[in-house]
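Asker: prediction below, plus the sequence it came from.
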Amino acid sequence: MKDGRFRKLLDAILVPLLAVLSGLVLMGILILFLRKPLFESYAVLFANGFGCREYGNCIFITALERATPIILTGLSAVVAFRSGMFSIGQEGQYLLGAAAAAWLGYAIHLPPILHALVIILAAMLVGAGYGWIPGVLKVKLGVNELLATIMLNSIAALIVEYLVQFPMRADTSAVAHSPVIDESAQLMSFLPGSKWGVGFVIAVIAVVVVYYYLWRTKPGYEQRMAGQSRKFALFGGIPSDNSAVRAMLISGALAGLAGAIEVMGVHRRIMTGFSVGLGFDGLTSAILGQVHPIGVFIVAILFSGLKLGAQIGLQLKLDIPRELGGTIIGFIVLFVAAGKFYEQSIVRARAWSTRKQGSNLKGDSG
Amino acid sequence: MEGFFSVFTVELLNSGIRLATPILLAALGGALCNQAGVLNLALESKMLLGAFVGILAAYYLGNSYGGLLVAMVAGGLLGLLFAFLYHKYRVDLVILAIAFNLIIVELTVFVMRAMFGNVGTWSDPSIARIPDIEIPFLKDIPFFGPLLSGYNIIVYFSWLATIIMFVVLYKMRSGRHLRAVGENKSAAETVGINAILLQTLALVISGALAALGGAFLSIGHLKLFTRNMSNGRGWIAIAAAMFGVNHPVGVFLASLFFGFADAFSVRIQNVTDLPPNLVKLLPNVATLLVLIIIGLRSKLALSMARRRFRAQLRAEEAALPGESST
């Protein structure tokens, strides 16, 4: 029983693990092409992505801080994918949630904790509303949710860009940005000089809640069934249309929450170029994390560590372009998608090892 | 209002046609793939690859036309890789597209920085832009002359590709086979059509076309490469293919529509003080509306078919008792 569970877990993580290893090997090849020191590069990458310089001054903490929005947008993708909605609208929902949070942060004034709660709720509502659009379009008109969310992403990006440059603009500086949000709306951080704080705790809670919702509650079960087979769900009496729209509402709310936390905990305002593809990072972490909340959690931290290591390690210390990090992440997704290749070799390796054991036994008895 | 209407000139139509060209090329490829039943969401990355490889090859070959060819080969090879992974390892095409869209954005900048130092945009004075060609006689016709003449070879090629694709898909056997594969792959295979070959061909051709569209951006329109240069045009091309119901002529008109919307949003910034971001919304909102219209139309078609079926059923029911009484 326990052995079976372990085997299942191993099967689930073996392909992503091999994919990550292949990605790191590929990175080595690219580094050799650049004629840079191979082992030093790896050392620099990991030291600057996951290491600690001294007690209390850990880059790993920064990786956790950077991972926070990716965890939430990743969860958003998980909820959508598990319910059969191939939505990549996290980016747009994230941006609109962030804009709503920034506006409420400086426009209204409330006592400390209440202010933060109001903002978080509002940002989640805005995200959910923006997720609702492709959900309803899909269910009512059969509009491909993938294409609809792509368009909604660029629409949201342009709207937020407009808001930041015109109505919400604080001053006439070169980079347009909104006023700083009130003290009462800011999320606390745990360490001085770091932005790692309450937001991360909210993300961890979200991981648990999403897991519990999808695997331990009735509506979550309905959503997963509808995601796996629409016809089967209908046959079992599950209104799959409702569960698809509900999935998009939850997915949008999670992405909106990510935007709110990024504003309240990290930047304390919104500015042009606010999103740096965080929605797509969530998407990739969902794919690599086997569309599972815990997988997303691990992968998000891994990704932000890799990016951080490439940015402040490889680029600054060894003059290797920081795009190497993003390239490797893309290839890792590709390797996961090509998982059949690994599975075939795993099966072959298993067959080989069992045959070997079998022949040994035969040899013993004979 | 005077300023508003002064926007509509031949120059606007000209720049609309130019802006439509990369979209048209990629959309034709996307439509071909849709007809063959292989959803190609990687047009964006193939365009970007074409833009980068095209300008790089133009630089090293010293010949921009050579750059175009190399870009097409690169796009075709990427299409071939997709076909290989899809048919051999059953890799999901959508995830494959997401992975490559990510890889190409980062890898092109990585290679650019590795080769030319820490730059965000790369260009070289030795690179020649693809020259514009005036068509003799045609250019002298009033109004239509300036409208149809004076573009570079890629624009004319995109028009030619539209016609060729129409002829191949609807007038030739291989085109009918390709559409049959898209309609029902296993049925097509049972009558001896090589579905894998046709789908592979569709992916390769669409890769080459999208890459040519990308090369139009880097050496046909501008003369530089910059990070994420395709900037969502590949996605718009997918919408254009859907808007044009995957028919070459429809795709041509849809791409022109997007090109004009783009040109209009550029021009209107000069004469009115509408915020540019909001004007840029136009093509995106139009695409979303198009998707909604397509959805409405197919839903309408479905309900019409259902109604027709019911009417037929009723007619048969009405005819049946008559038969039994005789």
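Answerer: Arrived safely.
Asker: and the one residue in the stretch 201-326 of chain B that gets nearest to chain A, how many residues sit next to it?
Answerer: As assessed by CB to the nearest CB, chain A sits closest to B:Gly295 within the stretch 201-326 of chain B, at 3.1 Å. Yep, even glycine has a C-beta here, placed from its N, CA and C like the rest. B:Gly295 has 18 neighbours, counted by other CB atoms under 10 Å in any protein chain shown.
Asker: helix or strand for it, which one?
Answerer: Assessed by DSSP states H and E, B:Gly295 sits inside helix B:276-325.
Asker: that helix: how far from the chain's middle?
Answerer: 26 Å (CA atoms, centre = their mean, to the nearest Å).
Asker: now A:Glu183, nearest residue through space, not along the chain?
Answerer: Closest residue in space to A:Glu183, ignoring its immediate chain neighbours: A:Pro112 at 7.7 Å, by CB to CB, 6 or more residues apart in numbering or on different chains.
Asker: next SSE downstream of the least confident helix or strand in chain B by mean pLDDT?
Answerer: Across the helices and strands of chain B, mean pLDDT, DSSP states H and E gives its lowest value to helix B:2-5, namely a mean of 56. Per DSSP H and E, the first helix or strand lying C-terminal to helix B:2-5 is helix B:10-35.
Asker: now do the buried residues in the helix or strand just after that following helix.
Answerer: Once helix B:10-35 ends, the next helix or strand along the chain (criterion: DSSP H and E) is helix B:43-61. Residues of helix B:43-61 classed as buried: B:43-59 (neighbour count, 16 or more other CB atoms under 10 Å in any protein chain shown).
Asker: I figured A:Arg224 was touching A:Leu214, is that so?
Answerer: Yes. A:Arg224 lies in contact with A:Leu214 (CB atoms under 8 Å); the separation is 6.1 Å.
Asker: okay, and the common contacts of the two?
Answerer: Counting by CB atoms under 8 Å, 6 or more residues apart in numbering or on different chains, the residues touching both A:Arg224 and A:Leu214 are A:Arg82.
Asker: between these two, which one's more packed in?
Answerer: Between A:Arg224 and A:Leu214, A:Leu214 has the larger neighbour count (other CB under 10 Å), namely 24 against 17.
Asker: who touches that one in this structure?
Answerer: The neighbours of A:Leu214, taking CB under 8 Å, 6+ apart as the test, are A:78-79, A:82, A:220-221, A:223-224, A:293.
Asker: need the next SSE after the helix or strand where it lies, C-terminal direction.
Answerer: Using DSSP H and E, A:Leu214 sits in helix A:198-216. Sequence order places helix A:218-228 as the next helix or strand after helix A:198-216, per DSSP H and E.
Asker: and that following helix with helix A:198-216, angle?
Answerer: For helix A:218-228 against helix A:198-216, the angle by axes from the mean of the first three to the mean of the last three CA atoms, to 10 degrees is 80 degrees.
Asker: where are the low-confidence patches of chain B?
Answerer: Within chain B, the ranges that satisfy pLDDT under 70 run B:1-8, B:269, B:272-273, B:276, B:279-280, B:321-326.
Asker: for chain A, same thing?
Answerer: Within chain A, the stretches with pLDDT under 70 are A:1-3, A:53-57, A:340, A:356-366.
Asker: which residue ranges make up the domains of it?
Answerer: For chain A, the domain assignment from automatic domain parsing gives the residue ranges A:15-36+A:321-356, A:58-319.
Asker: okay, these, which one's buried deepest?
Answerer: Most buried of those, by mean neighbour count (mean count of other CB atoms under 10 Å in any protein chain shown): domain A:58-319, with a mean of 22.
Asker: quick one: the helices in the stretch 151-300 of chain B?
Answerer: For the stretch 151-300 of chain B, the helices defined by DSSP state H, counting those that start in this stretch cover B:153-171, B:173-183, B:185-190, B:195-215, B:233-243, B:248-271, B:276-325.
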